[in-house]
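# sequence-free structure coming up:
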C-alpha cells in the first residue's frame, strides 16, 4: 500500500511538472508571438512614418522651389520710358540657377537724345532669404572686377520723391581699363532701402509656404560705364519700379 501510494505521488508530481512545463511553454510561445507581433507592428509604423516624412519633405521641397509668380510678370515692365528705349538681354542659365529668384528682368536701355545707355537688372523673390548675399560688392569681384569704392547717394525722381541708393564703382585689373558703375537698392514689401540688413533677420529666413507674392524682396541694379548715365536712368525709372511691385 505504501509502495503504491509512493508511486501514485511520484506519478502525480511527474504529471504536475509536465503540466507546468507545458503551461510555461505555452506562455513563452504566446509571449513570443506577442513580441513578434509587436516587432512587426513597430516595423510597419516606422516604415509608415518614413514614407509619410518623405511625402511631407517632397511636398515641402516642391512648395519651396516652385516659383511664386507676380500678378504682372517683370517682362511686362515698360520698354519705353520717356526717351529711353529698352531691349531684353539674355542671362546665362548658370547665373539664374545661382540667383534662385522667382522672376527677373535684364534690359539695356538707350537714350538717343542724350546719347546715354545703361543696363537695368531687376530680380524678384518671394523667399527673401534667397536674396541674402547677392550684393554687387560680392558678385562683381567674384567675376574678376576690383571694387574701387561705394558711395551712398540720393536720387530725386521727376515727381520730387527722394530715394537712397548705393553707388558702387568697379574696375577690371591691369592691363584692362574697363570700368563699371553700379547703382543698387532693394524694395522690401513696397519700400525702397539700400540696406540688406532690413531683410536679413530670422523672420525673413522662413519659407514662404503660403506662396504670398506680396512678401518679397526685389533687387534693382542699374549699371553703365558712365556714372551720369546710371544716375539719369535711375532718376527716370525708380518711381516706375516702385509702382510696379505690390
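Sure, I can see it. Note that this is a predicted model, so its numbers are computed, not measured.
# only C-alpha atoms for contact and neighbour calcs from this point on.
Fine.
# what's the first helix or strand after the lowest-mean-pLDDT helix or strand in the chain?
Here the helix or strand of the chain ranked lowest by mean pLDDT, DSSP states H and E is helix 2-65, holding a mean of 53. Where DSSP states H and E defines the elements, the next helix or strand beyond helix 2-65 is strand 80-81.
# who touches that following strand?
Residues from elsewhere that reach strand 80-81 (C-alpha atoms under 8 Å, 6 or more residues apart in numbering): 86, 236, 237.
# so which of those sit within helices?
Among the contacts of strand 80-81, DSSP state H puts 236, 237 in helices.
# which of the contacts of strand 80-81 sits closest to residue 223?
Distance to residue 223, by C-alpha to C-alpha, is smallest for residue 237 among those, at 12.9 Å.
# any idea how far the closest one lies from residue 132?
In this view, residue 237 and residue 132 are 24 Å apart by C-alpha to C-alpha, to the nearest Å.
# and residue 124, by the same measure?
12 Å.
# those two: which is more packed in?
residue 124 (29 against 15; other C-alpha atoms under 10 Å).
# my guess is residue 67 contacts residue 102, does it?
Yes - using C-alpha atoms under 8 Å, residue 67 makes contact with residue 102 at a distance of 4.9 Å.
# give the buried residues for stretch 81-98.
81, 84, 85, 86 (16 or more other C-alpha atoms under 10 Å).
# quick check: mean pLDDT of it?
The average of the pLDDT scores along stretch 81-98 is 90.
# please shift the residue numbers so they start at 489 in all later answers.
With the count now opening at 489, the last piece we talked about shows up as stretch 569-586.
# gap between the two ends of that stretch?
Stretch 569-586 has its terminal residues 30 Å apart, counting by C-alpha to C-alpha.
# residue 727: helix or strand, and which one exactly?
Using DSSP H and E, residue 727 falls within helix 715-732.
# what's the neighbour count on the closest residue to residue 732 other than its chain neighbours?
Excluding its sequence neighbours, the residue lying closest to residue 732 (C-alpha to C-alpha, 6 or more residues apart in numbering) is residue 565, at 7.5 Å. For residue 565, the neighbour count with other C-alpha under 10 Å is 13.
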